[in-house]
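Visitor: Below is the structure, and that's it, no one-letter string:
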């Protein structure tokens, strides 16, 4: 019956998008005539007020009607312009994660259920909520320490949000499967895998212990970094549904006038922000992937404090080298090397021609060298790069797309602080140091060291590998002599599964057909 539920959920989503004018606002370029005609037809059912609104406003209203989990789905898809398109991703990135508060009693019940202790025992005082998002809301509170009362921020998961998200995700999986089945060109983007990533990302974000762990890891990585820190976590008062952390008294980075009034150097803050992000990315391979201005504060000492670590990104050593070599190749105009890096990393299939790919890379790089440095966007450069790689069958790399989207956001914040921000000049100390340490002689020494470690591990595992190989060999001989056989229990389970899916599928199709007939009768 989950299939039937998913179809009805999809029908509801489609109807709300039609009514709020989102479908009619979508671009009609390159659409087949039949699809364009269908789009024009459903546009007649849009509300009158929706027709006068911008597409981003229509989308915000539709998502608000759909509920909290769709806000999170929309924000996730905003990080995947390769899937939804650059313009639509920009619209989704404007979704406001401000939801209605849920009752304080429900928040206290969640805290007590998660930590197993009464709220009055955990906190000296516990205030009304001050901010609410799709997954959680934040309360001010106080705890008693040896130094006296200390103000803290308490983030509590919204009641029922996990069940709601699981239900709404069924429709997302249905769309992904239909897209892969009926749109072969979209298979390169791996829509089902994108949906799995969404599911995993949101499940992680709904477990506040993991957000606390991310804060702790970033704090360790950045303890000696200039001008950047994250709030400290109160682990005694942190569980699956609640996280207690240091209260930050500071000015939001979105409040430029407030930063000026507080006497902060905006140009220095812009440099520190981008350098911190690049350190986290290249040096640590672990970065805050939701660094919009609302999640960045500047404390009275001038330190940038990043909050809300529910969404983070990781890059392996190969991806970090890939990123650094690409940036260095564009700086030095070595387009052949940039192309070779794509092939060496396995991102572009080997049947393509390196020189042809380098020609496409040159089309991106050459215009950059004719511009003033302060107008060049590293985020835009990566966006153009991913657009070109589509022509060469480069499969979607979620970790790289998330990096690119985060870089666009961080760079945008830096330009809010300093409109003449020079991305390359600010990045050079961090990128240059990483390249010297990882792409020169030190890289060879590191590769040899890593190779020796791998060889030792392989030698340790050799006896087990040999035993498994011998067992597998005997199984193959047995199968070649007797054939592949299922036991009775396995065969019965397969039969029941097939019968169940067949029944539910037929039932869903009949139900949808009857619904469509009814709607057609009402419309006529």
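Guide: That came through, no problem. These figures come from a predicted structure and were not determined experimentally. Residues are numbered from 1 along each chain as shown.
Visitor: where exactly do the strands run in the stretch 101-250 of the chain?
Guide: 125-126, 131-132, 136-145, 148-157, 228-229, 233-239, 242-246 (DSSP state E, counting those that start in this stretch).
Visitor: Give me whichever of these is most buried.
Guide: Per-stretch averages of neighbours, counted by mean count of other CB atoms under 10 Å, single out strand 242-246 among these, with a mean of 25. Backbone N, C-alpha and C define where each C-beta goes, glycine included.
Visitor: Tell me the strands beside that one, with direction?
Guide: strand 148-157 (antiparallel), strand 233-239 (antiparallel) (DSSP bridges).
Visitor: Run a quick neighbour tally on the residue lying closest to residue 42 once chain neighbours are set aside.
Guide: Setting aside the residues directly before and after it, residue 42 is nearest to residue 18 in space (CB to CB, 6 or more residues apart in numbering), at 4.9 Å. Residue 18 has 21 neighbours, counted by other CB atoms under 10 Å.
Visitor: Looks like residue 18 contacts residue 41 (just checking).
Guide: No - counting by CB atoms under 8 Å, residue 18 does not reach residue 41; the two are 10.0 Å apart.
Visitor: Need the three-state assignment for the spatially closest residue to residue 289 that is not a sequence neighbour.
Guide: Taking CB to CB, 6+ apart, and ignoring the residues beside it in sequence, residue 289 has residue 313 as its nearest neighbour in space, at 4.1 Å. Following DSSP: H, G, I helix; E, B strand; the rest coil, the label given to residue 313 is strand.
Visitor: Residue 266 and residue 123, how far apart?
Guide: To residue 123, residue 266 is 37 Å away according to CB to CB, to the nearest Å.
Visitor: neighbour count winner among the two?
Guide: Taking other CB under 10 Å, residue 266 and residue 123 do not tie; residue 123 has more neighbours (21 against 18).
Visitor: now residue 26, nearest residue through space, not along the chain?
Guide: Nearest one to residue 26, counting by CB to CB, 6+ apart, is residue 39 at 7.0 Å.
Visitor: how about the one you found, secondary structure?
Guide: helix.
Visitor: Surely it and residue 23 touch.
Guide: Yes - Residue 39 is within contact range of residue 23, at 6.3 Å (criterion: CB under 8 Å).
Visitor: Give me the more crowded residue out of these two.
Guide: residue 23 (20 against 17).
Visitor: List the buried residues for the host helix or strand of that one?
Guide: Residue 23 belongs to helix 22-25 when assigned by DSSP states H and E. In terms of neighbour count (16 or more other CB atoms under 10 Å), helix 22-25 has its buried residues at 22-25.
Visitor: Closest one to residue 8 out of the residues you listed, please.
Guide: Proximity of the buried residues of helix 22-25 to residue 8 (CB to CB) peaks at residue 23, which lies at 18.4 Å.
Visitor: For the closest one, give me its contacts.
Guide: Contacts of residue 23 were listed using CB atoms under 8 Å, 6 or more residues apart in numbering, and they are 14, 17, 39, 42-43, 46.
Visitor: and what of residue 144?
Guide: 124, 150.
Visitor: is it in a bridge, and if so with what?
Guide: Bridge pairing for residue 144 - DSSP bridges - gives residue 149.
Visitor: Check the gap between it and residue 411 for me.
Guide: In terms of CB to CB, residue 144 sits 43 Å off from residue 411.
Visitor: again, but for residue 333
Guide: Note on residue 333: its distance to residue 411, by CB to CB, is 22 Å.
Visitor: now swap in residue 199 and tell me
Guide: 29 Å.
Visitor: Same question for residue 405.
Guide: The value you get for residue 405 to residue 411, if CB to CB is used, is 11 Å.
Visitor: go on, residue 285?
Guide: Distance of residue 285 to residue 411, given as CB to CB: 20 Å.
Visitor: Which of these two has more residues huddled nearby?
Guide: residue 411 (22 against 16).
Visitor: so the more buried one makes contact with residue 381?
Guide: No - contact between residue 411 and residue 381 fails when scored by CB under 8 Å: they sit 10.2 Å apart.
Visitor: neighbours around residue 320, how many?
Guide: Residue 320: 18 surrounding residues under other CB under 10 Å.
Visitor: close enough to count as contact, residue 295 and residue 310?
Guide: No - the pair residue 295 / residue 310 is not scored as a contact, 9.7 Å apart, by CB under 8 Å.
Visitor: ranges for the helices of the stretch 101-250 of the chain?
Guide: 104-115, 119-122, 161-182, 191-206, 208-221 (DSSP state H, counting those that start in this stretch).
Visitor: Dump those to JSON lines, plus distance to residue 241, mean pLDDT and mean neighbour count.
Guide: Shown next, in JSON lines, are the helices of the stretch 101-250 of the chain (distance: least, CB to CB, whole Å; pLDDT from 0 to 100; neighbours: other CB atoms under 10 Å):
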{"stretch": "helix 104-115", "distance to residue 241": "4", "mean pLDDT": "94", "mean neighbour count": "18"}
{"stretch": "helix 119-122", "distance to residue 241": "13", "mean pLDDT": "94", "mean neighbour count": "14"}
{"stretch": "helix 161-182", "distance to residue 241": "10", "mean pLDDT": "80", "mean neighbour count": "17"}
{"stretch": "helix 191-206", "distance to residue 241": "9", "mean pLDDT": "80", "mean neighbour count": "18"}
{"stretch": "helix 208-221", "distance to residue 241": "6", "mean pLDDT": "95", "mean neighbour count": "18"}
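Visitor: Export those as TSV, with columns for distance to residue 388.
Guide: Compiled in TSV, the helices of the stretch 101-250 of the chain are given as follows (distance: least, CB to CB, whole Å):
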stretch	distance to residue 388
helix 104-115	48
helix 119-122	54
helix 161-182	23
helix 191-206	21
helix 208-221	33
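Visitor: if we compare these, which one ends up closest to residue 423?
Guide: Using CB to CB, these put helix 208-221 closest to residue 423, at 22.7 Å.
Visitor: tilt between that closest one and strand 242-246?
Guide: Inter-element angle recorded for helix 208-221 and strand 242-246: 30 degrees (by axes from the mean of the first three to the mean of the last three CA atoms, to 10 degrees).
Visitor: neighbours around residue 339, how many?
Guide: Neighbours of residue 339 (other CB under 10 Å): 25.
Visitor: And it, how far from residue 388?
Guide: Going from residue 339 to residue 388 by CB to CB gives 10 Å.
Visitor: what does residue 13 give?
Guide: In this view, residue 13 and residue 388 are 33 Å apart by CB to CB.
Visitor: Just want to know which of the two has more residues nearby.
Guide: Between residue 13 and residue 388, counted using other CB under 10 Å, the more crowded position is residue 13 (19 against 14).
Visitor: Where does the more buried one sit, in terms of helix or strand?
Guide: Using DSSP H and E, residue 13 sits within helix 2-19.
Visitor: average pLDDT for that helix?
Guide: Across helix 2-19, pLDDT averages out at 76.
Visitor: so who does the nearest residue to residue 297 once chain neighbours are set aside touch?
Guide: Leaving aside its chain neighbours, residue 297 sits nearest to residue 250 (3.7 Å; criterion: CB to CB, 6+ apart). Residue 250 makes contacts with 297-300, 305, as judged by CB under 8 Å, 6+ apart.
Visitor: Mind doing that once more with 10 Å?
Guide: With contact taken as CB atoms under 10 Å, 6 or more residues apart in numbering, residue 250 is in contact with 258-259, 262, 264, 296-305, 307.
Visitor: wait, which of these is closest to residue 137?
Guide: Checking the contacts of residue 250 one by one against residue 137 (CB to CB), the nearest turns out to be residue 307, at 14.0 Å.
Visitor: can you pull the contacts of the residue lying closest to the closest one once chain neighbours are set aside?
Guide: The shortest distance from residue 307 to any non-neighbouring residue, by CB to CB, 6+ apart, is to residue 295 (5.4 Å). Contact analysis of residue 295 by CB under 10 Å, 6+ apart lists 252-254, 288, 305-311, 409, 413.
Visitor: who wins for neighbours among the residues you listed?
Guide: residue 253 (28 neighbours).
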